[in-house]
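Chemist: sequence and predicted model, in that order:
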Amino acid sequence: MENKIYDLLEKMYADFNERFIGLEKTTSEIKSQVNNNSLILEKIQTDIKTLAEVQSSFSEQLDRAKDKDGKTLGERLDVIELAITNTSKSINDVIDAIDVIKDTTGSHEMDIKILKRIRANHSL
């Protein structure tokens, strides 16, 4: 009878150990994905700043060019409006991408919390 209990305990321990290793692997993968998403968010933020700088530079170039070209105010405003519209569309696309990445990152953080709780409960 003791051998059966010992065998059962040994089997339970092996099963627990396999599950724990699986949880550690999953946690590691989720952390990797979160880190990757963080890097992507940083790049997107850098891209947004670059877009803003380019827009500012473009506006300055337009101001300098108007003196040379002698365009009417209406023509200059049309060019500026087109540039702003295009930039606005690009920024909206980037903002949508940031929202998706934020949702994904939040989901991964929640998965990590769940896995930590499971690990904590199993270690008791």
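Modeler: Yes, it's here.

Chemist: packing partners for the lowest-mean-pLDDT helix or strand in the chain?
Modeler: Here the helix or strand of the chain ranked lowest by mean pLDDT, DSSP states H and E is helix 73-123, holding a mean of 81. If you count contacts as 3 or more C-beta pairs under 8 Å, 6 or more residues apart in numbering; DSSP states H and E, helix 73-123 packs onto helix 2-69. Every residue, glycine included, has its C-beta placed from N, CA and C.

Chemist: where's the least confident helix or strand of the chain relative to the chain centroid, distance-wise?
Modeler: Offset of helix 73-123 from its chain centre (C-alpha atoms, centre = their mean, to the nearest Å): 7 Å.

Chemist: and stretch 7-26, by the same measure?
Modeler: So, by C-alpha atoms, centre = their mean, the centroid of stretch 7-26 is 33 Å from its chain's centroid.

Chemist: what sits up against that stretch?
Modeler: 111, 115, 118-119, 122 (C-beta atoms under 8 Å, 6 or more residues apart in numbering).
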